[in-house]
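S.K.: Sequence and predicted structure below; questions after.
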Amino acid sequence: MILKDELKAGRLKFVPDLQVVNALSRVKYAPDGKIDPETVDASVRALASAVALMRDREEMKQIPLQEVQRAYFDFLECFFSRPFSEMKRHNVSPHDIAMGMASTESLVSAFAADAEEFASRIKDFWTSYGPVVHTHLEDLRCLKSVYGGDIFPSYTANIACSVGLYIDTIVLPDPLLRIATQFLPLMKPERSLYYIAKHALNVLNYKELALADVEPPIVVVAPDHSALDAQEMEYIQIAGEADLIEHCSRLFGRGFADAKEVDSFLARLTTADQLISKVADPSRLLFDVDWPGPLDQQIRRYTEDAFSDFNVEVDSGHAGKAVQVALQGRMMQIGDLLIRSSQLRGTPLMDAPTSWQYLLWKYEYDRERGKGLFPGIDDVLLSKALQAEGDQKLALISGLPPQALIDLRRQGALADLREIIRAGIAEIDVTAPSALAEVGETVTANLSAALSKHKSGLAALAASKRRFFGLEVGPWITTATISIAAASAGNIPLSVVAASVGMLGVPSAKDLWKDGKAILSKGQELKRSPAGILFRHVKGTMR
């Protein structure tokens, strides 16, 4: 009957000689006036299912994406509008406010009493509206990045205000759903309140970008499928086991037939000394890139610190089990990110340096297992390079306020800027065995070649207090170092390539050309200005 409706409305058409056309002609009504299922073959059933899915998708898209985003932020503000206002008024971080809330006994008690209902409400919200958001994102034709590697981006910098100068739409996971479904039942109440408050306040920092009236959207908050679908979590676990086997093979320098053999092997390594004696590549036993000290101290620190927030008993004396938990969690985390990126037709985005290293290892393993490289690996590396996060010791553009990014989007300036950033990587063969290292090195080299010679022009512009579309660009310009860690073939250590460059988020070439004439009077000087950079890009050169 669905097919009949769609045919009558003219929304379903067939090319000549399709077998399903003959199958449709054999469909009959039963005496009760309903379709006789005996006359419907598999091809018609499949077609009807596909058409029903398309109809459902179109119906879901009748709910505007921004309407769902607004409802989500309204939900957050019901609980956190006052602490968010206090955070802004006193110019403190989400961590500071959350620590204060978690140390207030009355707030902890109230939260503990209502935690189950809170978790139920956030899960119900996304059960209803998650498919709407995912449908809009799947059909959104633009450059998308999907965040992962941690519960939510670091509160120390707005990741969208740096990566958003290159990526059209940044998909951020709802951290409250993640905490409610994965951690809340096991966490101590004061730590649950701390994490939920910290991440909720951080999410509210993205409200302006998420609700901005621009197309495509700059930021979209979306739920994890795995938090709502148990079957997807099972799939992530299975995929994570395969990566764990591969990683342990490299770590211990021996082959493992399956996950059970890994379990058995690690179960015998009860002490840190026993485990370390079996390690063939110590660099792959990574708990946290910022943890100093020998491996035995790091193993002890992991068993003592990693579960301190939870109401669970951990055998801190069993090194093998601790390492297995750590590695399997990392592999599942990366697998989940890649699955979500694929579902939404986006590329992975992360700011956590330890997770970044595991992503590089994942790429390395997949390449050597013949799976090739994840599509858009050049976009992944460029997004990583643009992040204005302190622990990366770089910031191509830092301190850009959300409203400035919105204004630049509305003026259509970012299409030009993206081409500048991408210059020099179109000819890279990303299917080659050395592609990841080559992308990192070539991107860095070409960005340096295209932009470093304009460093003086950028400095002059920053000092000139010039304004473009009413925005003073000086405070955003920095000269820094791009540092792209790329996975190399074999057992060669990670290669780190650096080049000093300047980068500027600017409006369109046409308007900059006009404003550039007012700044510089001589043709040669104009070529070295930001206007010159964009104008040469428009002409197809990077001289």
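M.R.: Sure, I can see it. Residues are numbered from 1 along each chain as shown.
S.K.: list the helices and strands the longest helix along the chain packs on?
M.R.: Secondary structure of the chain per DSSP state H: the longest helix is helix 105-139. Packing partners of helix 105-139 (3 or more C-beta pairs under 8 Å, 6 or more residues apart in numbering; DSSP states H and E): helix 42-60, helix 65-90, helix 175-178, helix 189-204, strand 219-222, helix 225-228. Placement of C-beta: from N, CA and C, glycine included.
S.K.: what angle sits between the second one and helix 105-139?
M.R.: Taking axes from the mean of the first three to the mean of the last three C-alpha atoms, to 10 degrees, one finds that helix 65-90 is oriented at 140 degrees with respect to helix 105-139.
S.K.: Which parts of helix 65-90 count as buried, going by neighbours?
M.R.: For helix 65-90, the neighbour count (16 or more other C-beta atoms under 10 Å) marks 65-66, 68-69, 72-73, 76, 79-80, 83-84, 87 as buried.
S.K.: In those residues, which has the lowest confidence score?
M.R.: Minimum pLDDT for the buried residues of helix 65-90 is recorded at Phe79 (89).
S.K.: that older thread, can you list the buried residues in the longest helix of the chain?
M.R.: Within helix 105-139, the residues that count as buried by 16+ other C-beta under 10 Å are 107-108, 111, 115, 118-119, 122-123, 125-126, 129-137.
S.K.: mind listing the strands for the protein?
M.R.: 144-147, 169-173, 219-222, 347-349, 467-468, 471-472, 478-486, 495-503 (DSSP state E).
S.K.: about what we covered before: mind putting the helices and strands packed on helix 105-139 into TSV with distance to Asp96?
M.R.: TSV is the format used below for the helices and strands packed on helix 105-139 (distance: least, C-beta to C-beta, whole Å):
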stretch	distance to Asp96
helix 42-60	40
helix 65-90	7
helix 175-178	18
helix 189-204	9
strand 219-222	23
helix 225-228	28
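S.K.: Point out where the stretch 351-500 of the chain drops to low pLDDT.
M.R.: 371-375, 385, 388-399, 413, 416-417, 420-421, 423-500 (pLDDT under 70).
S.K.: can you do 90?
M.R.: 351-353, 356-357, 359-361, 363-500 (pLDDT under 90).
S.K.: and the buried residues of helix 65-90 as JSON lines, adding distance to Leu3?
M.R.: Formatted as JSON lines, these follow (distance: C-beta to C-beta, whole Å):
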{"residue": "Leu65", "distance to Leu3": "29"}
{"residue": "Gln66", "distance to Leu3": "33"}
{"residue": "Val68", "distance to Leu3": "30"}
{"residue": "Gln69", "distance to Leu3": "35"}
{"residue": "Tyr72", "distance to Leu3": "36"}
{"residue": "Phe73", "distance to Leu3": "40"}
{"residue": "Leu76", "distance to Leu3": "43"}
{"residue": "Phe79", "distance to Leu3": "47"}
{"residue": "Phe80", "distance to Leu3": "48"}
{"residue": "Pro83", "distance to Leu3": "53"}
{"residue": "Phe84", "distance to Leu3": "51"}
{"residue": "Met87", "distance to Leu3": "55"}
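S.K.: Quick check, Ile151 in contact with Arg178.
M.R.: Yes: proximity of Ile151 to Arg178 meets the contact threshold set by C-beta atoms under 8 Å, at 5.4 Å.
S.K.: Could you tell me the end-to-end distance of stretch 151-164?
M.R.: 20 Å (C-alpha to C-alpha, to the nearest Å).
S.K.: Ok, stretch 253-262 next?
M.R.: Terminal residues of stretch 253-262 lie 13 Å apart, using C-alpha to C-alpha.
S.K.: If you count neighbours, what's buried in it?
M.R.: 256, 259, 262.
S.K.: next one: stretch 406-415
M.R.: 406-409, 413-414.
S.K.: ok, these vs Tyr29, which is closest?
M.R.: Arg409 (54.6 Å; C-beta to C-beta).
S.K.: Tell me how far that closest one lies from Ala415.
M.R.: Distance of Arg409 to Ala415, computed by C-beta to C-beta, to the nearest Å: 10 Å.
S.K.: With Met87 instead?
M.R.: 35 Å.
S.K.: what sits against the spatially closest residue to Phe125 that is not a sequence neighbour?
M.R.: Closest residue to Phe125 apart from its sequence neighbours, by C-beta to C-beta, 6 or more residues apart in numbering: Phe75 at 6.4 Å. Residues near Phe75 by C-beta atoms under 8 Å, 6 or more residues apart in numbering: 121-122, 125.
S.K.: Check Val44 too.
M.R.: Residues counted as contacts of Val44 (C-beta under 8 Å, 6+ apart) are 3, 20, 23-24, 27.
S.K.: go again using 6 Å as the cut-off
M.R.: Residues in contact with Val44 (C-beta atoms under 6 Å, 6 or more residues apart in numbering) are 23-24.
S.K.: in the stretch 201-350 of the chain, which spans are helices?
M.R.: Per DSSP state H, counting those that start in this stretch, the stretch 201-350 of the chain carries helices over the ranges 207-210, 225-228, 230-252, 259-267, 272-278, 295-305, 319-343.
S.K.: Quick one: list the elements packing against the fifth one.
M.R.: Right, helix 272-278. Counting contacts by 3 or more C-beta pairs under 6 Å, 6 or more residues apart in numbering; DSSP states H and E, helix 272-278 packs against helix 295-305, helix 319-343.
S.K.: CA atoms only for that helix, dumped as CSV, please.
M.R.: What follows is helix 272-278 as a C-alpha-only set of coordinates in CSV (Å, rounded to 0.1, in the frame of the first residue of the first chain):
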residue,chain,number,x,y,z
ALA,A,272,54.4,-5.1,36.7
ASP,A,273,57.8,-6.7,36.5
GLN,A,274,56.4,-9.8,34.9
LEU,A,275,54.5,-7.8,32.3
ILE,A,276,57.3,-5.4,31.5
SER,A,277,59.7,-8.4,30.9
LYS,A,278,57.4,-9.5,28.1
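S.K.: Perfect, that will be all.
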